[in-house]
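>>> quick one, fold the following:
(2 chains)
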Amino acid sequence: MNATSGWATVTPQRLDANWRAIVAELDAPARSRIERALLAVRMPEPIARTLVATPALRRAWFVATGVALLFGLGAADTSKPGASLLMLLALAPMVPVVGVTLAYGPGSDPAHEVTLATPMSGLRLVLLRSTAVVACSMGAAGIATLLLRDKTWMSISWLVPSLALPAVCLALSTYVAPRRAAVLVAVFWLVPLSVVNRNVTDELVVFRQWGQLALATLAVGAAVVVSVRRETFDRLVLP
Amino acid sequence: MVLDAHKKFGSRSALAGVSLSASRGVTTILGPNGAGKTSLLRALATVQALDGGSITVDGLDATDRHQRVEIRRRLGYLPQDIAFSPRATAFDVVDYLSVLKGWRDPRARRREVWLALDRVGLSARAGDRVGTLSGGMRQRLGLAQAIFASPPLIVLDEPSTGFDPAQRLELRTLLSELARCSTIVVSTHQTDDAAVCSDVVFVLDGGELRFSGTPAQLAALARGRTWRASTTTGNERAWWRLPNGGYRCIGDPPPGADIDEPTVEDGYLLLVES
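Numbers count the residues shown, from 1 in each chain, chains lettered A, B, ... in the order given. Below is the predicted model of the structure:
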């Protein structure tokens, strides 16, 4: 430190750097309401920025909210309470699948290739976005559940499928394009459900104890596949 | 350092045993469409795996997951087809990508974002949505995120696409500034860009390396093989009409031809047209 005078230590470079810092703070575009809300609940700033600045996520959230509204309307239909429960249980797990599919990949994120060239792990980014979408869609499904006329424990049996199906979708997307993976999951979920619905007396059998156990096992298996094949989230996959 | 790089798409070979090295300064990759430039730059930027061969940056191996992350910490990358959400602002685009680059301190990050936008002449449009920017401005935005915080390795795939002559000149100046402390690898169709600011030029054609050397050495390939003539004979490799009504020709000159001084473009055309 220069002992002669405080002024002597202020170089033009330092002044310039300080001025730039001030300008950067003053001129930075204001944060969005969503970002401010996330920061208010103590979410780390870089994560909040990552979530909010991902345009694909906004679309995924929008879809989740839209479907939640549909569920709400369906669940409020008191003339067919049984049918609305089955619809909720069958379709609620598909919301995060759609959301996860919209949240990443070359088809959804225009800056996907640039993103891959950053040190942020592809898997971490995918999981971060997927968690945001799954949490949002599960919240929406939760609201829809509250609108059901007859609430029982069965009303929340969509929880495990809502974790299992996106996990399977992520695992499949290490082999095929994310959108194709979502279609495959939809087919292998909804077709067997409709078959069971027609041929078995208990239409909710898939959502009872053994069904839940099978789906939980499937989720764990999918998580293992995602972990083993994590490299595929780090590289560009051309069609 | 790229060593014996191989990449295939189906039966088509995009890279067939390409080896090259780049050091501080500007290294330019020239080549016609489909030459393998983008495949090479994607591999160099670690976003696409090679089928064979290796890529090392500062001794770090791109095939190793952990070392690849270290390479990416040193990297700025502008892909050929870059796009951003039209609803995001220019500031948000660079800020978001800088978060992914590991810049967690918001104040330091914002300062660098402004600096990057300023260097590409976009600071006045920082708050504007991408959808309102012109094609050239979007390209400059892509450039801003690539040069963010002046990384040691900058890979730019056709950075001057959509630029007018004045912007191309500004790009040359920017690259020249960055080249003082960064290794810059650029692919381009513009031979005149390569001629004025490259230290080393590589010519790729059909996935194979056809030339490596300085721009002067590339131009020298055409020494004695460019000439001016009042008419064409049909034996030229390439020719074009000059404003004075004469022709400039490349190839094997006829006896007594008016031999002209060769350019980088002449050398390049002789290589890729052969």
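>>> CA only for contacts and neighbour counts going forward, please
Will do.
>>> can you give me the helices for chain A?
Here chain A has its helices, by DSSP state H, at A:12-27, A:33-40, A:45-52, A:55-75, A:81-91, A:94-103, A:112-116, A:122-146, A:159-172, A:178-199, A:209-228.
>>> distance of B:Lys7 relative to B:Arg72?
21 Å (Cα to Cα, to the nearest Å).
>>> got a pLDDT number for the residue nearest the centre of chain A?
Closest to where the C-alpha atoms of chain A average out (Cα atoms, centre = their mean) is A:Val133, at 2.1 Å. The model reports A:Val133 with a pLDDT of 80.
>>> quick revisit: need the winner for burial among the helices of chain A.
Of all the helices of chain A, helix A:94-103 has the most neighbours on average by mean count of other Cα atoms under 10 Å in any protein chain shown, namely a mean of 29.
>>> so which elements touch that helix?
helix A:55-75, helix A:122-146, helix A:159-172, helix A:178-199 (3 or more Cα pairs under 8 Å, 6 or more residues apart in numbering or on different chains; DSSP states H and E).
>>> the longest one close to chain B?
No. If you take Cα under 8 Å from any Cα of the partner chain as the test, helix A:122-146 misses chain B, and the best it gets is 8.8 Å.
>>> distance between that helix and the chain's centre?
Mean-position distance between helix A:122-146 and its chain equals 4 Å (Cα atoms, centre = their mean, to the nearest Å).
>>> how about stretch A:230-237?
Worked out by Cα atoms, centre = their mean, stretch A:230-237 lies 19 Å from the chain centre.
>>> buried residues, that stretch. List them.
Across stretch A:230-237, burial judged by 16 or more other Cα atoms under 10 Å in any protein chain shown covers A:230, A:233-237.
>>> just those: which has the poorest pLDDT?
Comparing the buried residues of stretch A:230-237 by pLDDT, A:Val237 comes last, at 71.
>>> ok, stretch B:52-71 near chain A or not?
Yes. Using Cα under 8 Å from any Cα, stretch B:52-71 reaches chain A at B:65, B:69-70.
>>> then that stretch to PDB, C-alphas only?
Only the C-alpha atoms of stretch B:52-71 are listed here, as PDB (Å, rounded to 0.1, in the frame of the first residue of the first chain):
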ATOM      1  CA  GLY B  52     -11.100 -42.900 -33.400                       C
ATOM      2  CA  GLY B  53      -8.100 -40.800 -32.500                       C
ATOM      3  CA  SER B  54      -7.600 -38.400 -29.700                       C
ATOM      4  CA  ILE B  55      -8.000 -34.800 -28.600                       C
ATOM      5  CA  THR B  56      -5.800 -33.200 -25.900                       C
ATOM      6  CA  VAL B  57      -5.900 -29.700 -24.600                       C
ATOM      7  CA  ASP B  58      -3.000 -28.600 -22.300                       C
ATOM      8  CA  GLY B  59      -2.300 -32.300 -21.800                       C
ATOM      9  CA  LEU B  60      -5.900 -33.100 -20.800                       C
ATOM     10  CA  ASP B  61      -7.600 -36.000 -22.600                       C
ATOM     11  CA  ALA B  62     -11.100 -35.200 -24.000                       C
ATOM     12  CA  THR B  63     -12.100 -38.900 -23.700                       C
ATOM     13  CA  ASP B  64     -11.700 -38.900 -20.000                       C
ATOM     14  CA  ARG B  65     -14.800 -37.500 -18.300                       C
ATOM     15  CA  HIS B  66     -13.100 -35.600 -15.500                       C
ATOM     16  CA  GLN B  67     -10.400 -34.200 -17.800                       C
ATOM     17  CA  ARG B  68     -13.100 -33.200 -20.300                       C
ATOM     18  CA  VAL B  69     -14.700 -31.000 -17.700                       C
ATOM     19  CA  GLU B  70     -11.300 -29.300 -17.100                       C
ATOM     20  CA  ILE B  71     -11.000 -28.700 -20.900                       C
END
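>>> got the helices and strands packed on helix A:94-103 as CSV, with distance to B:Ala43 columns?
Formatted as CSV, the helices and strands packed on helix A:94-103 follow (distance: least, Cα to Cα, whole Å):
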stretch, distance to B:Ala43
helix A:55-75, 26
helix A:122-146, 16
helix A:159-172, 25
helix A:178-199, 23
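>>> of all these, which lies closest to B:Asp81?
Nearest to B:Asp81 among the helices and strands packed on helix A:94-103 is helix A:55-75 (18.0 Å), distances taken as Cα to Cα.
>>> now do the closest one, average pLDDT.
The average of the pLDDT scores along helix A:55-75 is 64.
>>> now do stretch B:192-208
Stretch B:192-208 shows an average pLDDT of 90 in the prediction.
>>> now that stretch, how far from the centre of its chain.
The answer for stretch B:192-208 is 8 Å, by Cα atoms, centre = their mean.
>>> could you export it as CSV, CA atoms only?
Extracted as CSV, the C-alpha positions of stretch B:192-208 are listed here (Å, rounded to 0.1, in the frame of the first residue of the first chain):
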residue,chain,number,x,y,z
ASP,B,192,-9.2,-13.2,-47.0
ASP,B,193,-10.0,-13.4,-43.2
ALA,B,194,-7.6,-16.3,-43.0
ALA,B,195,-5.0,-14.4,-45.0
VAL,B,196,-4.9,-11.3,-42.7
CYS,B,197,-5.2,-12.6,-39.1
SER,B,198,-4.2,-16.3,-39.1
ASP,B,199,-0.9,-17.5,-37.8
VAL,B,200,-1.6,-21.0,-39.1
VAL,B,201,-4.0,-22.3,-41.8
PHE,B,202,-5.3,-25.9,-42.2
VAL,B,203,-7.2,-26.9,-45.3
LEU,B,204,-9.7,-29.7,-44.9
ASP,B,205,-11.3,-31.4,-47.9
GLY,B,206,-13.3,-34.6,-47.8
GLY,B,207,-12.5,-35.2,-44.2
GLU,B,208,-8.7,-35.2,-45.0
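>>> if we ignore the residues flanking it in sequence, what's nearest B:Asp128?
B:Thr89 (5.1 Å; Cα to Cα, 6 or more residues apart in numbering or on different chains).
>>> what's near enough to touch the one you found?
B:126-130 (Cα atoms under 8 Å, 6 or more residues apart in numbering or on different chains).
>>> recalculate using a threshold of 10 Å.
With contact taken as Cα atoms under 10 Å, 6 or more residues apart in numbering or on different chains, B:Thr89 is in contact with A:29, A:53, B:95, B:125-133.
>>> on that earlier part again, and the helices of chain A: which comes nearest B:Ile29?
helix A:112-116 (19.8 Å).
>>> correct me, but B:Ala116 touches B:Leu178?
No. B:Ala116 lies out of contact with B:Leu178 (Cα atoms under 10 Å); the separation is 11.7 Å.
>>> more neighbours: those two, which one.
B:Ala116 (25 against 21; other Cα atoms under 10 Å in any protein chain shown).
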